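Enquirer: here's my sequence, what's the structure:
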Amino acid sequence: MPEHEAASVEVELASLIDEEGGAGEDTSPPPRSPKQLGSSASSSSGYSSRDVVLFVASFVAAVIFVAVALNSSRGPKKIAHTSNDTDTSSAAAGADGAGGIASWEDLRWRPLSTLDDENCIPGYRLANSTIHCGVGGLSPITNASDGTQLCGGVPMISKWCMMPEEGRWEGVSPEGDGSIAPLHARFGVNANASNNSLPRCETMDAIVNGSFTEAGEYVPDTCRVVPLSPFAWTEHTACQATVTMIGDSHIRNLFTATVNGLRGMSFFAEAHADDAGKAKGVALAYEWRLHANGSATDQFSVYRNTADKDPTPFKDCPCDNEVVQCLRIAFIWAPHFGEQVKQMHFITEWDTDLVILEPGNSYEAKTAVSPEWKAKLEELLSEDEGLHLGILHFPWGGQPKDRKAALDEWTINGTHADRMSYLQQSAVSGGSGGLQGKNTWHFACGLGQEDVRNDKIVAAEPCEDTTDTAQIRAIATVHFGALSKRNER
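Expert: Purely as a prediction, here's the structure:
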């Protein structure tokens, strides 16, 4: 891990120690909502003070709202936008921002509890044994200043939780000593970004002409992409915005990178069910809520055995004098065309604004594009004029050679092309967080599977996943109108 990344971890540690030398923690969190169906991990004890401080530090992150008003000419192929859908800068938002927040730059996400096992999603708690690191003969181990070993930036500490169920954004005094570590550059929330004065990108063609900076952010050459921030994504949302992701492990990586990005996590690794668990059905869900008093909270949930029982991850956003906005994101495991078609009823049931799919990838080695799959998506787009579709394609492995051409033709010349996009993952790929070794062919670091002991972090380089982060920012940018000022249907 580069020196500046190790230093960032140390600054986060120092910033979380209170006057008595311990980690500060709110003792009166809001009541938990009964949304997670999976059983919680069993309670355990034995945390050292160092573990507590490190635990809190890992989940500190700021979510800043960045960008300027859109003032650009439309390209030849446009994605439909609502009127006045520009994203504004945090400075412009000021005291008039959502819920009276003075500045999103002064907010940091943290879990509701640092010691409660019930606030850790089962499968994301590291084992009570020696944690191993590496894949493909590579082992990116570094050391923090206190001697704690880091695997690609992830602390190799027993009982470490990689995915707290609930958390909230808390204010940080701007009059502080400036020791709070900034967010990773890949999220695009740096107010001094070199392209923040450019118009927002409107097509994938414009986005793929770009490169990664040394700091890890993907920057298009002639336009800008929206920050990975719940405040940015919902700035013009009338009530709630919903994103439904359906597909294989690469879409799951995208979902996990999105959640950790919205929370501002510098480093992360994901857990996943084994083959038996996937066969029974798995769904993941994330919900962010902005409260009328200016506070923001979120929740991550796991739903199992969904082949027998439909998951119900979301309730309608209240949009009242208590909760004013919601951002809802779900992932459904369905790698084959036919499996995806069976899950598409959730797109309507969850009032989805943007659906993100993979086109079979290497699971479909013979059929380039399923006629049934395509017809069902056309039907959904016809029935809901506000629905947008993003197709993210992992192009490697044994796949039909004509798949790309078929998807290009459909998404460029199809009936609903103004609300569709197609992106090959190879087109926006690189930086720290490229392929995590030949044994995985994924961009995100992984933990042991959920149903086995998480005693290994599979990583070949820093666990930042700059690639999936860049890709979700690209999709959110092109379909920004889907998240903006949606009228009731």
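Enquirer: ok, S301 touching E165?
Expert: Yes. Judged on C-beta atoms under 8 Å, S301 makes contact with E165 at a distance of 7.2 Å. C-beta coordinates here come from the backbone N, C-alpha and C atoms, glycine included.
Enquirer: so which of those two has more stuff around it?
Expert: Neighbours were counted for S301 and for E165 using other C-beta atoms under 10 Å; E165 has more, 26 against 22.
Enquirer: against G277, how distant is the closest residue to that one other than its chain neighbours?
Expert: Distance criterion C-beta to C-beta, 6 or more residues apart in numbering; nearest residue to E165, sequence neighbours excluded, is N119 at 5.1 Å. To G277, N119 is 22 Å away according to C-beta to C-beta, to the nearest Å.
Enquirer: and what of L262?
Expert: In terms of C-beta to C-beta, L262 sits 25 Å off from G277.
Enquirer: between those two, who's got more neighbours?
Expert: In terms of neighbours (other C-beta under 10 Å), L262 is the more surrounded of L262 and G277; the figures are 25 against 17.
Enquirer: for that one, helix, strand, or coil?
Expert: Look at L262: counting by DSSP: H, G, I helix; E, B strand; the rest coil, its state is helix.
Enquirer: so it sits against P230, correct?
Expert: Yes. Contact criterion C-beta under 8 Å: L262 and P230 qualify, at 5.0 Å.
Enquirer: tell me the mean pLDDT over stretch 271-285?
Expert: Across stretch 271-285, the average pLDDT comes to 92.
Enquirer: and the contacts of it?
Expert: Residues outside stretch 271-285 that contact it (C-beta atoms under 8 Å, 6 or more residues apart in numbering): 35, 121, 123-124, 162-163, 249, 252, 255, 300-308, 311, 313-314, 328-333, 446-452, 454.
Enquirer: so which of these are in helices?
Expert: Secondary structure assignment by DSSP state H places S249, R252, F255 of the contacts of stretch 271-285 in helices.
Enquirer: who touches the nearest residue to the second one once chain neighbours are set aside in this structure?
Expert: Same thing as R252. Closest residue to R252 apart from its sequence neighbours, by C-beta to C-beta, 6+ apart: F331 at 5.8 Å. When contacts are counted by C-beta under 8 Å, 6+ apart, F331 touches M245, I246, I251, R252, F255, A283, L284, A285.
Enquirer: OK, contacts around the fourth one?
Expert: If you count contacts by C-beta under 8 Å, 6+ apart, R252 has them with E270, H272, L284, F331, W333.
Enquirer: distance check, it against A330.
Expert: Separation of R252 from A330 (C-beta to C-beta): 11 Å.
Enquirer: what do you get for the second one?
Expert: Using C-beta to C-beta, one gets 9 Å for the distance from I246 to A330.
Enquirer: per-residue confidence at the nearest residue to G123 once chain neighbours are set aside?
Expert: The shortest distance from G123 to any non-neighbouring residue, by C-beta to C-beta, 6+ apart, is to E450 (3.2 Å). Note for E450: predicted pLDDT of 72.
Enquirer: E450: how many residues sit nearby?
Expert: E450 has 19 nearby residues by other C-beta under 10 Å.
Enquirer: how about low-confidence regions in the chain?
Expert: 1-106, 114-116, 172-181, 190-194, 431-435, 437-440, 451, 485-489 (pLDDT under 70).
Enquirer: most centrally placed residue in it?
Expert: What sits nearest the mean C-alpha location of the chain, by C-alpha atoms, centre = their mean, is T258, with 0.7 Å.
Enquirer: that residue contacts R328, correct?
Expert: No. With contact defined as C-beta under 8 Å, T258 does not count as touching R328 (12.0 Å).
Enquirer: quick check: neighbours shared by those two?
Expert: Any residue near both T258 and R328 by C-beta under 8 Å, 6+ apart counts here, and that gives Y286.
Enquirer: adding distance to W441 as columns, could you present the contacts of F331 in a markdown table?
Expert: Formatted as a markdown table, these follow (distance: C-beta to C-beta, whole Å):
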| residue | distance to W441 |
| --- | --- |
| M245 | 19 |
| I246 | 20 |
| I251 | 14 |
| R252 | 14 |
| F255 | 17 |
| A283 | 24 |
| L284 | 21 |
| A285 | 26 |
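Enquirer: which single one of those is nearest to H393?
Expert: I251 (10.5 Å; C-beta to C-beta).
Enquirer: how close does the closest one get to A334?
Expert: In terms of C-beta to C-beta, I251 sits 9 Å off from A334.
Enquirer: identify the residues contacting the closest residue in space to Q149 that isn't next to it in sequence.
Expert: In this structure, Q149 finds its nearest non-sequential neighbour in M156, 4.5 Å apart by C-beta to C-beta, 6+ apart. For M156, the contact set (C-beta under 8 Å, 6+ apart) comprises L126, I131, C133, I141, T148, Q149, L150, I457.
Enquirer: run the last query once more with 10 Å
Expert: By C-beta atoms under 10 Å, 6 or more residues apart in numbering, the contact list for M156 reads L126, T130, I131, H132, C133, I141, T148, Q149, L150, K456, I457.
Enquirer: please name the nearest non-neighbouring residue to the third one.
Expert: On the basis of C-beta to C-beta, 6+ apart, the spatially nearest residue to I131 that is not a chain neighbour turns out to be M156, at 3.9 Å.
Enquirer: can you report phi and psi for that neighbour?
Expert: Main-chain dihedrals, M156, degrees, to the nearest 10: phi -90, psi 70.
Enquirer: what does H345 give?
Expert: According to degrees, to the nearest 10, H345 has phi -60, psi -20.
Enquirer: what's the local residue count around it?
Expert: 12.
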